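Chemist: next comes the sequence, and after it the predicted model I'd like to discuss.
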Amino acid sequence: MTTAHRTPGSYLFATTLLCLAAGAPVRAASISELQGAWVITSAQCSDIFAQRSGRFSFKPNHRNADTSFIISGNRIRGARANCTLGSERPTADGLRAVLDCSSRMMVGALPVTFRVPDPNTIVKVDPDFPEIETTFTRCR
């Protein structure tokens, strides 16, 4: 009778396969992986954004622009506020970030938590109210 030997590498390989089979991300996301235009899942990209030469911009005076944003480099631009990534930290299923934001009414740091179930979906979770979630889809 032979005895199977399991190395740390085989455990890592098995864990990776289990995560893939379960649909869970193998590693956390970063802002660099979330570049592009994002809309709340009930909105249409073509209603909110114009695209020229592969770059997205907001259409003028669109009423649904509050439910969308554009990530470009370390900047996150919404219809009514502009933010810069202050810091980010990976989590098991996404990332936590502190955004330095300014709008017509206020300036300050905004903590956000994103779950990233797949490369084209972001679920924003309010750190103070984790039961409140908003799902966004990447525009193509």
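Modeler: That came through fine.
Chemist: mind listing what's buried along stretch 80-95?
Modeler: For stretch 80-95, a neighbour-count test (16 or more other C-beta atoms under 10 Å) marks 81, 83, 85, 88, 94, 95 as buried. C-beta here means a position set from N, CA and C on the backbone, and glycine is covered the same way.
Chemist: actually stretch 120-138, not the one I wrote
Modeler: 122, 123, 124, 125, 136, 137, 138.
Chemist: spatially nearest residue to the fourth one (excluding sequence neighbours)?
Modeler: Read that as residue 125. Ranked by C-beta to C-beta, 6 or more residues apart in numbering and with sequence neighbours excluded, the top spatial neighbour of residue 125 is residue 113, at 4.5 Å.
Chemist: equivalent analysis for the first one, please.
Modeler: Once its chain neighbours are removed from consideration, residue 122 has its nearest residue in residue 136; the separation is 4.6 Å (C-beta to C-beta, 6+ apart).
Chemist: repeat that for the third one.
Modeler: In space, and not counting its chain neighbours, residue 124 is closest to residue 134: 4.7 Å by C-beta to C-beta, 6+ apart.
Chemist: residues making contact with stretch 29-45?
Modeler: 48-49, 51, 56, 64, 67-74, 85, 88, 90, 94-95, 97, 114, 116, 119, 122, 134-140 (C-beta atoms under 8 Å, 6 or more residues apart in numbering).
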